[in-house]
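Student: dropping the sequence and predicted coords here.
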Amino acid sequence: MTHSPSQSPDTPRCSWCGTEPIYQEYHDLEWGVPEWDGRALWEKLILDGFQAGLSWITILKKRDNFRAAFEGFDPEQIATWGEPEIDRLLQDKGIIRHRGKIAATITNAQAYLDLGGADAFRDMMWSYVDGAPLNGRYKTLDEVPTSSPLSTQISKDLKKAGFKFCGPTIVYAWMEACGLFNNHVVSCHRHDQV
């Protein structure tokens, strides 16, 4: 990722992305942009599950390794995996080697397919916000919650559908990342753009 000509390290941004270029580029180009591809929504939910207990930059720096290790996050392929694949992934130093999160990815692939795949998952997730991003108008990062009644409801519904590692805080962060919430602070150059 690279900055567009209008973006610089001094561009006003949400403070969570700090000054590290990879984080600023993620903030500027991806975070909060409405994601309409159901498979990409699922991938981002899986990565947010892997983030639990860690910082997002840790996942961001390993994202290409995750994509390679998980066969491009192909749910149909992952849904067929078992212990041999879990054992292989536990040896992969390029990803977060957590048995529970790896096993949950397999379970989540199965749940995703049981819901009907990409279009059904997209439609289900966007139905919670009536097909349009909810616009937070927060002035500071301290005002932004880490969960909400809506993320709690989505978390419950996902768990009922068989998903794992999708608690209210994970779901809230995922909703922000995927643009279901526009939680760029109002002083950020991306707030009005997304």
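Tutor: Thanks, I have the structure now.
Student: residue ranges with poor pLDDT in the protein?
Tutor: Low-confidence segments of the chain (pLDDT under 70): 1-9.
Student: would you map the strands across it?
Tutor: In the chain, the strands defined using DSSP state E lie at 134-135, 181-182.
Student: what about the most centrally placed residue in the chain, distance to E143?
Tutor: The centroid of the chain falls nearest to K44 when counting by CA atoms, centre = their mean (3.3 Å). Distance, K44 to E143, using CB to CB, to the nearest Å: 24 Å. (Glycine included, C-beta is placed from N, CA and C.)
Student: looking at it, E43 is touching E71, isn't it?
Tutor: No: assessed by CB atoms under 8 Å, E43 is found out of contact with E71, at 11.4 Å.
Student: these two: who's more crowded?
Tutor: More neighbours surround E43 than the other of E43 and E71, with 21 against 13 (other CB atoms under 10 Å).
Student: show the contacting residues for that one.
Tutor: By CB atoms under 8 Å, 6 or more residues apart in numbering, the contact set of E43 is F73.
Student: without its sequence neighbours, what residue ends up closest to Y26?
Tutor: Sequence neighbours aside, L60 is the residue nearest to Y26 in space, at 5.7 Å (criterion: CB to CB, 6 or more residues apart in numbering).
Student: number of nearby residues for Y26?
Tutor: 18.
Student: next: A68.
Tutor: 12.
Student: how near is the residue nearest to W16 when sequence neighbours are not counted to L60?
Tutor: In space, and not counting its chain neighbours, W16 is closest to L141: 6.0 Å by CB to CB, 6+ apart. Applying CB to CB, the value for L141 to L60 is 18 Å.
Student: who has more neighbours, these two?
Tutor: Taking neighbours as other CB under 10 Å, L141 and L60 compare with L60 leading, 18 against 12.
Student: which outside residues touch stretch 48-67?
Tutor: With CB under 8 Å, 6+ apart, stretch 48-67 has contacts from 20, 22-23, 26, 47, 73, 92, 94-96, 98, 101, 104-105, 108, 164-167, 170-171, 173-174, 177.
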